[in-house]
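> Model the following, please.
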Amino acid sequence: MKDFLLITYRQLLLVLKQSEYSFYTFEEYCTGKAQGRYIILRHDVDLKPNHSLSVAKIEAKMGIRATYYFRVVPQSNQPEIIKAIAGLGHEIGYHYEDLSLYHGNEEQALEHFKQQLTYFRQFYPVHTICMHGSPVSKWDNRDLWKTHSYRDHGIIGEPYFDIDFNKLSYLTDTGRSWNNNKFNIRDKVKSNQNITFKNTASIIKAIQTNHFPNQIMITTHPQRWTDKKIEWLSEMIIQFIKNQVKLLMILFRKS
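This is a model prediction of the structure:
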């Protein structure tokens, strides 16, 4: 099974449904609706929002709602696509990177954050947010909440603050692999659960053999997922280069 194809993603969702997992948005999780065996399905729309729309359509046809976090930058923020994804019944949230955009100036970052919340609330009554890792920036966007509170702005949840990942498992395709911290700068969680998978096929096998967590947040970056050969190959090459740069950054910061 070739990885990071839409047909592979569709198969993953199908196997989860066949294994009687329920799907919830992060907003639904924050309001206590998640029960039993469940998946919180989260998508970080960093680039190529048209890929996110393709993923959203697959999920909608399968009766699945997911959470889509959009950045404010043009390569993510495409109003017509945001409207279309919201129209399919999915949750829209803000993938904030304000502290990085304003080089650590907290007051400017907070003002920008409030402005962008107002903007995204044109499309959906945004109640959850999620930080963008901004791997090349020295600023961690989550640090804005050391001196401010997102709850003051009608936000009920931020995954890195409002989930106990010792109880809820976490799986992300950051770096175009699954939970590979070797190429992961900030999309990490503190957890006593150490789950890694070689590829999506191994995830599917784990689900089918009942070796998959009962409650888990799965995070994908839809830019990676496509059935178009040239785009698929391009993404693989670009991500390989990015991973080498990330590895050097991680080694440099450790030193």
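
> CA only for contacts and neighbour counts going forward, please
Noted.

> Which strands or helices does the helix or strand containing Tyr94 pack on?
Here Tyr94 sits within strand 91-96, counting by DSSP states H and E. Using 3 or more Cα pairs under 8 Å, 6 or more residues apart in numbering; DSSP states H and E, the elements in contact with strand 91-96 are strand 67-70, helix 106-120, strand 129-131.

> model confidence over the longest one, on average?
Pointing back at helix 106-120 there. Averaged over helix 106-120, pLDDT sits at 98.

> Can you say which of the helices and strands packed on strand 91-96 is packed in most?
strand 67-70 (a mean of 27; mean count of other Cα atoms under 10 Å).

> Show me what that one is packed against.
For strand 67-70, the contact count by 3+ Cα pairs under 8 Å, 6+ apart identifies strand 38-45, strand 91-96 as packing neighbours.

> picking that back up, will you turn the helices and strands packed on strand 91-96 into TSV that also has distance to Ala84?
TSV is the format used below for the helices and strands packed on strand 91-96 (distance: least, Cα to Cα, whole Å):
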stretch	distance to Ala84
strand 67-70	12
helix 106-120	13
strand 129-131	19
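
> now for the ones you listed, which one comes closest to Ser100?
helix 106-120 (8.2 Å; Cα to Cα).

> Contacts for the closest one, please.
Helix 106-120 is contacted from outside by 72, 92-94, 96, 98-99, 101-102, 126, 144, 153, using Cα atoms under 8 Å, 6 or more residues apart in numbering.

> hmm, back to that, quick one: which of the helices and strands packed on strand 91-96 is nearest Thr200?
strand 67-70 (20.1 Å).

> Parallel or antiparallel, which strands does that closest one pair with?
strand 38-45 (parallel), strand 91-96 (parallel) (DSSP bridges).

> ok and the shortest one relative to helix 106-120, angle-wise?
Taking axes from the mean of the first three to the mean of the last three Cα atoms, to 10 degrees, strand 91-96 and helix 106-120 form an angle of 160 degrees between their directions.

> Please tell me how far Thr67 sits from Val126.
11 Å (Cα to Cα, to the nearest Å).

> scratch that, Ala56
Counting by Cα to Cα, the gap from Ala56 to Val126 is 18 Å.

> Phi first, then psi, for Phe4.
Taking degrees, to the nearest 10, you get phi 60, psi 30 for the backbone angles of Phe4.

> burial count for the residue nearest to Ile155 when sequence neighbours are not counted?
Distance criterion Cα to Cα, 6 or more residues apart in numbering; nearest residue to Ile155, sequence neighbours excluded, is His127 at 4.6 Å. Around His127 there are 22 other residues, counting by other Cα atoms under 10 Å.

> picking up where we left off before, and for Thr67 and Val126, which residues touch both?
In terms of Cα under 8 Å, 6+ apart, Thr67 and Val126 are both contacted by the residues 91-93.

> Touching, Asn192 and Asn166? I think so.
Yes. Contact criterion Cα atoms under 8 Å: Asn192 and Asn166 qualify, at 5.5 Å.

> neighbour count winner among the two?
Asn166 (13 against 10).

> So which residues of the stretch 51-200 of the chain form helices?
79-87, 98-101, 106-120, 159-162, 200-208 (DSSP state H, counting those that start in this stretch).

> I'd like to check the angle between the longest one and helix 79-87, please.
Orientation note: helix 106-120 sits at an angle of 70 degrees relative to helix 79-87 (the same axes, to 10 degrees).

> Can we start the residue count at 17 from this point?
I'll keep to 17 as the first residue from here, and by that count the last item is helix 122-136.

> ok now helix 122-136, how far from the chain's centre?
How far helix 122-136 lies from its chain's middle: 20 Å, per Cα atoms, centre = their mean, to the nearest Å.

> need the helix or strand of the protein with the lowest average pLDDT.
helix 245-270 (a mean of 75; mean pLDDT, DSSP states H and E).

> closest one to Lys244 among the helices and strands packed on strand 107-112?
Of all these, strand 83-86 comes closest under Cα to Cα, at 22.0 Å.
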